[in-house]
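K.L.:
3D model of this:
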Amino acid sequence: RSWLSGFSPVLPPGNCWAFQGSRGHVVVRLPEQIWPTAFTIWHISEAVSPSGEVSSAPKEFAVSGVDEAAAETLLGMFTYDAHKEIAQTFHVQVPQGLWAGCLGRR
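P.N.:
This is a model prediction of the structure:
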């Protein structure tokens, strides 16, 4: 797992959260409870990539919500297409009422 201690609004090419191998996990701890409706992933385009390619772009990924008791709820499974826009938004696939109940709150 990778722990992100802070987010920067600007990440120059090559200065990213890279993972060794083909799989990785990121855990983001927020200061207060949220009800996400969508997630946006950005990746560098081939046009500005120093190597001219984007094979490091995420592909298939899952997003889960975790409550304070560490109960995990899958919010969706998604596919990032490196040949489309660099910023791609993915909407939560589980109705809020279902996963809010799993987190023990509404």
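
K.L.:
what's the spacing between T73 and F90?
P.N.:
From T73 across to F90, the span is 16 Å (CB to CB, to the nearest Å). The C-beta positions use only the backbone N, C-alpha and C, and glycine is treated the same way.

K.L.:
likewise for P58?
P.N.:
According to CB to CB, P58 and F90 sit 11 Å apart.

K.L.:
ok, I34 next?
P.N.:
16 Å.

K.L.:
neighbour-wise, which of these two wins?
P.N.:
Higher neighbour count among I34 and F90: F90, with 17 against 8, using other CB atoms under 10 Å.

K.L.:
which residues touch the host helix or strand of the more buried one?
P.N.:
Assigned by DSSP states H and E, F90 belongs to strand 87-91. With contact meaning CB atoms under 8 Å, 6 or more residues apart in numbering, strand 87-91 is reached by T37, A38, F39, T40, I41, W42, V63, G76, F78, Y80, D81.

K.L.:
mind giving me TSV with the residues you listed and columns for neighbour count?
P.N.:
Below are the contacts of strand 87-91 laid out as TSV (neighbours: other CB atoms under 10 Å):
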residue	neighbour count
T37	10
A38	11
F39	15
T40	8
I41	15
W42	13
V63	19
G76	17
F78	19
Y80	16
D81	9
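
K.L.:
closest to P50 among these?
P.N.:
Within these, the smallest distance to P50 is 16.7 Å, found for W42 (CB to CB).

K.L.:
name the residues of the one helix or strand S64 maps to that come out as buried.
P.N.:
S64 is part of strand 60-66, with elements assigned from DSSP H and E. Using 16 or more other CB atoms under 10 Å as the test for burial, strand 60-66 gives F61, V63, G65.

K.L.:
now do stretch 74-92
P.N.:
By neighbour count on 16+ other CB under 10 Å, the buried set for stretch 74-92 is L75, G76, F78, Y80, A82, I86, Q88, F90, V92.

K.L.:
picking that back up, show me whatever sits in contact with both of P58 and F90.
P.N.:
With contacts taken as CB under 8 Å, 6+ apart, P58 and F90 have I41 as neighbours in common.
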